[in-house]
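Trainee: Return a 3D structure for these sequence lines:
(3 chains)
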Amino acid sequence: MAEQNLFTYPEGWNEMMAALDFVPEEQREAFMEDFVDMISSICV
Amino acid sequence: MTDVSKKFQERVQLYKDAARHKKTSRVLNLANIWTWKICNSGYKLSEALFDYDKMEDIVCKFHEKYEFDYYMDYGLRNPLRIADTLGFTDYQINDDTCALSYVTDISYMTEEDYDLIIENYDKFLWTKCMPGRYKNLRGSNAKEMLKKAAQELITYQKFCVQMNSQMEEDYGVPLCLFAGVPSVLNSFETLYLAFRGMKALSMDLRRIPDKVKAVCRALGNGRAFEKYKASTQQGTDMHTGPDFSLYLLAHVILSKKQFEEFYWPLLKEIFDFVEKYDKIVHIFNESENSRLYDFYKQAPKGHVVVHFENDDLFKAKKEIGDNVCLCGGMPSDLLARGTKDECVAYAKRLIDELAADGGFIFSQDKMISYPNDCSAANLLAVNKFVQEYRI
Amino acid sequence: MADLNLLTKAMGELDEDQVMSTISDFMASNPSKEDTLKMMNACQQGMAVVGDLFDSGEYFVGDLIYAGELLTKTIETIKPALKGESSAKVGKMVLGTVQGDLHDIGKNIFKSLAESAGFEVYDLGIDTPPEDFVNKAKEVKADIVGLSGILTLASESMKNTVDSLNSDGLRDKVKVIIGGNLVTSDLCSFVGADAFTTNAAEGVKICQGWVK
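Mentor: Take a look at the predicted model:
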């Protein structure tokens, strides 16, 4: 998939989730959800 | 039992007793101190916010000097390293004035996005919010940037756990309120703080109120709250002060009538939950809140601690003191520009009038952030007094 | 000529559809300057109603933001018919968010209400250094300087700005009002301002009292 299409759903979302290889596979879905939630509402 | 664990137990118990409106021998002293602790540390703000070792040193030394019982924040409030990895630039750090400030009120969603939020929240976050918020992600290396940000998130989460454990193990201080105990950010707050902004949301309340309500209904008190509800057991956790915390910031745009319409269903759910599960929630309320006292009168007694920023706590005590435990009261104006004697006299008055029958936690009214928000000598004098004064 | 009372009422009730349809019907009638000034005045009276409803607690901050936007939109629509003429001004005001603070919503609410009350407002924006307030106040011969801020950091900047007005010999020639979430009576004394408010509608009334 072309990089510029990363922000598609669910294709780009799944592609990103697969790229989080440093997170154990069984935790990846929950991590991805928390991660996106967190950085979407981050208030510095 | 070691001295440290005794202190820990005492602090937890004092918090619970205050929340339950039981009379205590002394009041608990909660630090509503944020970046101010960095300003006198010898480290630059720009160093401390990006270096967790330095932040740890600052937090520990700060505690050794001031010995608060509880903290709102252990330097966890500003996760700039994560935001920076994504090229987020809507903030400024000035090391000369020790000031972190933000470009405020940017809208990262449109009116049309309300429907998408309801239909598929993750899809909205991923396809609209993320590329809107982080412009650098529109480039060719978005995936790598996001991987780095995810690693930074893991590092940040480890630092949160480490900082909280260290404060407990070395100093007997229970979990802080920001990134210690679970935090709830409800859907109205999320719209206000993260997606729509103050101005656009104010317009939406008049132009498309049904859509705002529909999103509030669909997302409720947020995922973190749903996860907390699913994992928690009956009864308050005797290892922490409050079981969870809540921040009321977005209500500053709402009239009493609008609050009832848009916000109260969310807060009512929290009140019902803490009563049913015998939990304690700590609620920080920005600005002046007397128009909301009728709602706080409906709080279940013994379960709700309310930290007010600009309210007259003596008046609040009369009106809602039977239902909620009040927190705050020490004016930053006085800490900044009063004499030590004036500060101590005011602290004494707060304790005498608000804590005589229980139901009060001592703290600063405003979030102490910038160098001139508070004088170190005044803070030391007040803390010594609050620690030693017996009710 | 449109029903001026209806326009005032619609503006006071923040009925955007009614306000905008009245205004566009009016503009379609190729109005005279005199009639346009009357329309402007009716809108301003509507804003005074908004201020009163804010005072009574019926409206709150979000409503003032909405009212400000509605007024701006109305003025932009009406402006061409004024052909450069403006309604009489009651006084000149230099306004800005002080140095180090980037918040402007409160300032903008105050600006809308002040303009609708007939003030000529020179808005210096956000993060405004003291010298910019001084220079602008000198240049336009301001009656009032309004300093806005949300962050507690703004207290020092407000003081620095008033000090600069002092050292430039302007302090006796202008009234200074400070506004925002952080201001208190103590801060007002510390800063050396003449008045403080956390309520934009009240702030405008204070300013009106100064230029009577």
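
Trainee: how near is B:F50 to C:T152?
Mentor: According to Cβ to Cβ, to the nearest Å, B:F50 stands 23 Å off from C:T152. Any C-beta I mention is one placed from the backbone N, CA and C, and that applies to glycine too.

Trainee: The two: who's more crowded?
Mentor: Neighbour count, other Cβ atoms under 10 Å in any protein chain shown: between B:F50 and C:T152, C:T152 has more, with 24 against 15.

Trainee: what phi and what psi does the backbone show at the closest residue to that one other than its chain neighbours?
Mentor: Leaving out its chain neighbours, the residue that sits closest to C:T152 by Cβ to Cβ, 6 or more residues apart in numbering or on different chains is B:D373, at 4.7 Å. Taking degrees, to the nearest 10, you get phi -70, psi -20 for the backbone angles of B:D373.

Trainee: B:D373 touches B:L334, doesn't it?
Mentor: No - taking contacts as Cβ atoms under 8 Å, B:D373 lies outside contact range of B:L334: 11.3 Å.

Trainee: Can you tell me which residue of chain B sits closest to chain A?
Mentor: In chain B, the residue found nearest to chain A is B:A194; the distance is 3.6 Å by Cβ to the nearest Cβ.

Trainee: From C:D15, how far out is that residue?
Mentor: Taken as Cβ to Cβ, the span from B:A194 to C:D15 is 30 Å.

Trainee: doesn't C:S86 make contact with C:K33?
Mentor: No - with contact defined as Cβ under 8 Å, C:K33 does not reach C:S86; the gap is 10.2 Å.

Trainee: in the stretch 101-250 of chain B, which spans are helices?
Mentor: B:113-119, B:121-124, B:130-133, B:142-171, B:187-190, B:197-207, B:209-219, B:223-231 (DSSP state H, counting those that start in this stretch).

Trainee: Which among those is found nearest to B:D95?
Mentor: Closest of those to B:D95 is helix B:142-171, at 21.8 Å (criterion: Cβ to Cβ).

Trainee: Who are the packing partners of that closest one?
Mentor: helix A:11-19, helix A:25-40, helix B:3-19, helix B:52-66, helix B:80-85 (3 or more Cβ pairs under 8 Å, 6 or more residues apart in numbering or on different chains; DSSP states H and E).

Trainee: Any chance of those in a markdown table with mean neighbour count, distance to chain C and mean pLDDT as columns?
Mentor: As requested, the helices and strands packed on helix B:142-171 are exported to a markdown table (neighbours: other Cβ atoms under 10 Å in any protein chain shown; distance: least, Cβ to the nearest Cβ, whole Å; pLDDT from 0 to 100):
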| stretch | mean neighbour count | distance to chain C | mean pLDDT |
| --- | --- | --- | --- |
| helix A:11-19 | 17 | 32 | 97 |
| helix A:25-40 | 17 | 22 | 95 |
| helix B:3-19 | 18 | 26 | 97 |
| helix B:52-66 | 18 | 18 | 98 |
| helix B:80-85 | 20 | 16 | 94 |
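
Trainee: what does chain A have sitting close to chain B?
Mentor: Applying Cβ under 8 Å from any Cβ of the partner chain, we find that chain A lies next to chain B at A:3-4, A:6-10, A:12-13, A:15-16, A:19-20, A:22-23, A:31, A:33, A:35-44.

Trainee: Sorry, wrong one. I was asking about chain C.
Mentor: C:14, C:16, C:57-63, C:65-66, C:69, C:100-105, C:151-153, C:155-156, C:181-182, C:184, C:186-187, C:190, C:198.

Trainee: Among those residues, which ones are in strands?
Mentor: Applying DSSP state E to those, no entry is found in strands.

Trainee: Can you flag the buried ones in those?
Mentor: Applying 16 or more other Cβ atoms under 10 Å in any protein chain shown to the residues of chain C next to chain B, the neighbour count classes C:14, C:16, C:59-63, C:65-66, C:69, C:100-105, C:151-153, C:155-156, C:181-182, C:184, C:186-187, C:190, C:198 as buried.

Trainee: Can you report phi and psi for the residue of chain C most remote from its centre?
Mentor: For chain C, the largest distance from the centre (Cα atoms, centre = their mean) belongs to C:S29, which lies 29.9 Å off. The phi/psi pair for C:S29 (degrees, to the nearest 10) reads phi -90, psi 10.

Trainee: got a pLDDT number for it?
Mentor: On pLDDT, C:S29 comes in at 94.

Trainee: One more: the one 10 residues further on?
Mentor: At C:M39 the predicted local distance difference test score is 92.

Trainee: Contacts made by the strand or helix carrying it with the rest, please.
Mentor: If you go by DSSP states H and E, C:M39 is part of helix C:33-55. For helix C:33-55, contacts defined as Cβ atoms under 8 Å, 6 or more residues apart in numbering or on different chains pick out C:1-2, C:4-5, C:7-12, C:14, C:19, C:23, C:26, C:31, C:59-60, C:63-64, C:67, C:71, C:74-75, C:78, C:81-83, C:85, C:87, C:112-113, C:116-118, C:199-202, C:204-205.

Trainee: What about these, which are in helices?
Mentor: Judged by DSSP state H, the subset of those located in helices is C:4-5, C:7-12, C:19, C:23, C:26, C:63-64, C:67, C:71, C:74-75, C:78, C:81-82, C:112-113, C:116, C:200-202, C:204-205.

Trainee: Give me the buried subset of the residues you listed.
Mentor: Buried members of the ones in helices among the contacts of helix C:33-55, scored by 16+ other Cβ under 10 Å, are C:4, C:7-12, C:19, C:23, C:26, C:63-64, C:67, C:71, C:74-75, C:78, C:81-82, C:112-113, C:116, C:200-202, C:204-205.

Trainee: give me the subset of those touching chain A.
Mentor: Filtered for proximity to chain A (Cβ under 8 Å from any Cβ), these leave an empty set.

Trainee: Having no further points to raise, I will conclude here.
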